[in-house]
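Could you work out the structure for the sequence below:
(one chain, ligands or ions: 2)
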Amino acid sequence: MENQYDVVFIGSGPGGYTGAIRATQLGYKVALVEKYSTLGGTCTNVGCIPAKALLDSTEHFHQAREQFKTHGINFSGELSLDFTQFITRKNGVVSQNTAGLIYLMKKNKIDVYQGLGSFIDKTHLKVNSDGKESLLTGKYFVIATGSKPSSIPGVNIDKKRIITSTESLSLPAQPKSMIIIGGGVIGVELASVYARIGTNVTIIEYTDSLIPTMDRELGKALSKSLAKLNIKILLSSKVQSAANSGGHATVSYLDKDGKIVEITADYCLVAVGRRAYTDSLNLQAAGVEIAKNGKVVVNKQLQTNVPNIYAIGDVIEGPMLAHKAEDEGTFVAEVINGQKPHINYKLIPGVVYTWPEVAAVGATEEELKEQGIEYRSGKFPYSASARARASMDTDGFVKVLVSPKYGEVLGVHIIGPRAADVIAQSVVAMEYEVTAEGMFRISYAHPTYSEALKDAYLMASGQGAINI
Ligand code: FAD
Ligand code: NAD
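Ligands and ions are numbered 1, 2, ... in the order given. All right, here's what the predicted structure looks like:
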């Protein structure tokens, strides 16, 4: 009787914990199952939060070294990084967040089971923790088991010299050199972390652009900014193998001219994407269908082929983003409750936390061209922004893509200071169909980074920029 629940969430990442809270708010008896001893999943423990903590620390260090003098700030003695303290502070940030989640679970009266969940059938889940077993009965189950780093043929991740993002967030000492396979989001964020503190970083990217799924102009501009950190960027280069060569990592790749090149570094970080994680769930026992790419198959209601079992977050199709998982957690709780919630998958913003930051929502120029959709582009550089000049953050631009007929905003692409926060306004504009004119006629505080948007909207509407 005790272990009977209305809804059981398996996995305590942003999808699982958000969904569990929403389900209790709707009056359900809820259990949350997590195999690790801390809650929060990838994002809180080994993803978004620790990565941002290290990015912030290293940006301070970089500014102290490169920019303080220009501001007139001098300090005596040599600037140095206490690597142990750098990692300790990050661990502290993670602990604050995981402690916050324990508090939230208690406050919302959610029963947390620590252990590996595996289905017995479609209404029963076994939770195994160090040999101790609990049996949970659920009217509904939500699979929120997330993702794990993936690899490529010839690359054997040994977690010692050939590492993933997880190990890279807790290295024992500052590496002198690091090769990063993959110039996607993880690749460029962690390249920034290490290059800013003086590690010799090389990114090897298979396509001809960094962050290749975003608007191509963003990748180009980001390459220029990262090159200023002395990051070596090898595009159109395909990694063939990576191996621990005893105290070093040796990587061989096919360069853009088709020549095989071998390089070594202290570490090789593999950042070539992540795979849906359903190992040990025993989905066959419940009869849940998985696609060839390992993702759990769901319909528009996020319901699997087994009607009482839903799935959300990284384990299903769509961008592997924490806010997408959170939105789906809320969505699924409301669907179970008989409501008709809505997620606009076209308007989920994507952010890269380099400096300058990169943020985008909606269609890229490449997508519009491919689909034959007419558009007008308005592009305003941060070098022309008074706010950006005041903070010496003049790299980057705001680009808005607008339909010439009605002024509908089709896409917004930003590389610049605080782009991650500036993009929010454009999500509102697109979701509620505010036109480009509507966007340039509202008031923007001066001087702010968001003013660059106003100018870009003006330019896309055929008018000249009026701010500095
Ligand atoms: P997860 O967060 O992966 O959580 C799944 C949980 O399920 C895990 O805790 C796992 O232990 C548990 N689990 C799995 N199987 C079982 C089982 N059988 N029984 C019990 N528990 C189980 N996204 C952003 O939006 N912004 C960012 O800045 C960002 N930065 C990132 C940085 C890095 C280095 C990485 C790796 C990822 C980053 N992401 C970021 C992506 C983000 O972390 C994921 O999209 C997000 O965590 C997905 O949430 P989820 O709830 O689907 O799954
Ligand atoms: P990704 O898909 O963003 O990038 C992987 C990159 O590796 C691609 O550019 C791809 O072309 C390249 N690649 C693939 N095979 C290669 C090879 N053989 N040689 C060289 N390059 C190769 O994946 P990721 O960076 O590992 O990130 C995984 C997920 O985590 C992403 O889906 C992302 O959304 C999420 N994440 C998000 C954030 C954020 O929101 N700020 C931060 C980190 C991670």
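
so where's this structure uncertain?
For the chain, the stretches with pLDDT under 70 are 1-2, 467-468.

show me the contacts for the residue in the stretch 101-250 of the chain positioned nearest to ligand 2.
Going by C-beta to the nearest ligand atom, ligand 2 is nearest to G184 of the stretch 101-250 of the chain, at 1.8 Å. Where you see a C-beta, it was placed from the backbone N, CA and C, and this is true even at glycine. Listed by C-beta atoms under 8 Å, 6 or more residues apart in numbering, the contact set of G184 reads 205, 211-213, 271-273.

go with 7 Å
Contacts for G184 (C-beta atoms under 7 Å, 6 or more residues apart in numbering) come out as 211, 271, 273.

Among these, which ones lie close to ligand 2?
Restricting those to those within reach of ligand 2 (C-beta under 6 Å from any ligand atom) leaves 271, 273.

Pull out the buried residues from the contacts of G184.
Neighbour counting over these (16 or more other C-beta atoms under 10 Å) leaves 211, 271 as the buried ones.

List the ones among the contacts of G184 that fall in helices.
In helices, defined here by DSSP state H, there are no members of those.

Turn the contacts of G184 into a markdown table, columns for distance to S151.
A markdown table is the format used below for those (distance: C-beta to C-beta, whole Å):
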| residue | distance to S151 |
| --- | --- |
| I211 | 20 |
| A271 | 10 |
| G273 | 9 |
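
Pick the one among the contacts of G184 closest to ligand 1.
Out of those, the member with the shortest distance to ligand 1 (by C-beta to the nearest ligand atom) is A271, at 8.3 Å.

OK, contacts around that closest one?
165, 180-182, 184, 186-187, 190.

which one of the residues you listed has the most neighbours?
With neighbours defined as other C-beta atoms under 10 Å, the most crowded of the contacts of A271 is I180; it has 29 neighbours.

Can you name every helix or strand that the one helix or strand it maps to contacts?
For I180, the element it lies in under DSSP states H and E is strand 177-181. Secondary-structure packing of strand 177-181 (3 or more C-beta pairs under 7 Å, 6 or more residues apart in numbering; DSSP states H and E): helix 185-196, strand 200-204, strand 260-265, strand 267-270.

Mind checking these for the one nearest to G72?
helix 185-196 (21.9 Å; C-beta to C-beta).

how much space between the closest residue to ligand 1 within the stretch 151-300 of the chain and S450?
Taking C-beta to the nearest ligand atom as the measure, the stretch 151-300 of the chain has S165 as its residue closest to ligand 1, at 3.8 Å. Remark: distance between S165 and S450 (C-beta to C-beta, to the nearest Å) = 31 Å.

Report whether stretch 345-361 contacts ligand 2.
Yes: for stretch 345-361, a contact with ligand 2 is found by C-beta under 6 Å from any ligand atom, at 351-353.

that older thread, which residues sit against the strand holding I180?
With C-beta under 7 Å, 6+ apart as the criterion, strand 177-181 contacts 155, 187, 190-191, 194, 199-204, 239, 242, 249, 251, 263, 265-272.

what residues are up against D158?
N244.

in which helix or strand would I find it?
Using DSSP H and E, no helix or strand contains D158.

do L81 as well
Residue-wise, L81 maps onto no helix or strand under DSSP H and E.

Quick one: neighbours of it, just the number.
L81 has 16 nearby residues by other C-beta under 10 Å.

measure it to ligand 2 for me?
As judged by C-beta to the nearest ligand atom, to the nearest Å, L81 and ligand 2 stand 23 Å apart.

and the stretch 101-250 of the chain, which of its residues are near ligand 1?
Checking the stretch 101-250 of the chain against ligand 1 by C-beta under 6 Å from any ligand atom, the hits are 116-117, 144-147, 165, 186.

what domains does the record give for this structure?
The chain breaks down into these domains under automatic domain parsing: 4-149+275-345, 162-272, 356-460.

Right, I'll call it a day here.
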